[in-house]
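Novice: sharing a sequence plus its predicted fold:
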Amino acid sequence: MLKEERQNFIMKQINLHNKVLSSDLCVKLNVSEDTIRRDLNELAGSAKIKKVYGGAMSKSFSHTTGIKETYAQDAKRQIAKKALTLINDGMIVLLGGGTTIMEMARLIPKDRRCTFFTVSPVVAMELIEYSDCEVILLGGSLLHDSYIVTGSMVINQLADIKVDLCFLGTNAISLQNGITDSVWEVVQVKKAMIKSANKTAIVSIAEKLNSDEKMKVCNLNTLNYLITDIDPTEQMLSPYIEVLNVL
């Protein structure tokens, strides 16, 4: 594979999953760690990505860069609009982190009267700016690569609440392995979030369908809704409709 093709693949993975691990890229591309290190250095040097410990992350997901562009933003706004149809006045809603959830926070109608819990400080900031709802930020150790709180403190807090509906983003989703992620701390928080909710909706652009990461969050039958940017009648969603309510 040529360097340009390799770096295009890396950019695609970063845009889809927000963060990639160097070790995973070595396996997927069948190249050495030195090759991946050089690729990441070049991409970071051209301001296309942000290098982090063990890999790289999207600059659009980095809260410190000032960049407001989001990969597939139109698609994520479409998902957000669908997701908001599930939220009614008086509900208690739990939100995860990620760029699709942030689009949801920006589109919540001003006259909507709900209580929102979230594990993401940046999502909390969006909620405060764009809505008049009550916002409760759960506490814990801030995971700087994902901008969500993790650890026993937040998991204990989640065990003490019961929400009507939880919205989660995902790094990967497939029929065989369900919802998967690449970060152990994130997996544990997502499991606790699902347990605290009467119903759970996964929000995901269609590009992430039929993909897997190394660490499992849950099976699909644990969830209630799948919300994507494509029409539910699309053929690729047919197998998912057998397990979930697809919007």
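Specialist: Here it is on my side, so go on.
Novice: okay, now the domains of this protein?
Specialist: 3-58, 73-246 (automatic domain parsing).
Novice: what is the end-to-end distance of the longest one?
Specialist: As for domain 73-246, its first-to-last residue distance stands at 20 Å under the measure Cα to Cα, to the nearest Å.
Novice: kindly report the same for the shortest one.
Specialist: Distances were taken as Cα to Cα; on that basis the terminal residues of domain 3-58 are 19 Å apart.
Novice: now it: mean pLDDT?
Specialist: Domain 3-58 carries an average pLDDT of 84.
Novice: from the chain's centroid, how far away is that domain?
Specialist: 19 Å (Cα atoms, centre = their mean, to the nearest Å).
Novice: same question, the longest one
Specialist: If you compare the mean C-alpha spot of domain 73-246 with that of the full chain, they lie 7 Å apart, counting by Cα atoms, centre = their mean.
Novice: got the contact list for residue 77?
Specialist: 103, 107 (Cβ atoms under 8 Å, 6 or more residues apart in numbering). C-beta here means a position set from N, CA and C on the backbone, and glycine is covered the same way.
Novice: tell me which residues form a beta bridge with the residue nearest the centre of the chain?
Specialist: Of all residues in the chain, the one closest to the mean position by Cα atoms, centre = their mean is residue 169, 3.2 Å from it. Residue 169 has these beta-bridge partners by DSSP bridges: residue 203.
Novice: surely it touches residue 102?
Specialist: No. If you go by Cβ atoms under 8 Å, residue 169 and residue 102 don't touch, sitting 9.4 Å apart.
Novice: so where is the chain shaky, pLDDT-wise?
Specialist: The model of the chain has pLDDT under 70 over residues 60-69, 145.
Novice: residue ranges of the helices in it, please?
Specialist: Taking DSSP state H, the helices of the chain run over residues 3-17, 22-29, 33-45, 73-84, 99-107, 121-130, 152-159, 184-195, 238-241.
Novice: so what secondary structure elements neighbour the shortest one?
Specialist: For helix 238-241, not one helix or strand is in contact under the criterion 3 or more Cβ pairs under 8 Å, 6 or more residues apart in numbering; DSSP states H and E.
Novice: buried set for that helix?
Specialist: Using 16 or more other Cβ atoms under 10 Å as the burial criterion, the residues of helix 238-241 that qualify are residue 240.
Novice: show me the contact partners of it.
Specialist: Helix 238-241 is contacted from outside by 175, 209, 220, 226, 232, 246, using Cβ under 8 Å, 6+ apart.
Novice: dump those to TSV, plus distance to residue 28 and neighbour count.
Specialist: Shown next, in TSV, are the contacts of helix 238-241 (distance: Cβ to Cβ, whole Å; neighbours: other Cβ atoms under 10 Å):
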residue	distance to residue 28	neighbour count
175	21	13
209	18	20
220	24	19
226	25	23
232	30	15
246	28	19
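Novice: quick one: which of those sit in strands?
Specialist: Using DSSP state E, the members of these that fall in strands are 226, 246.
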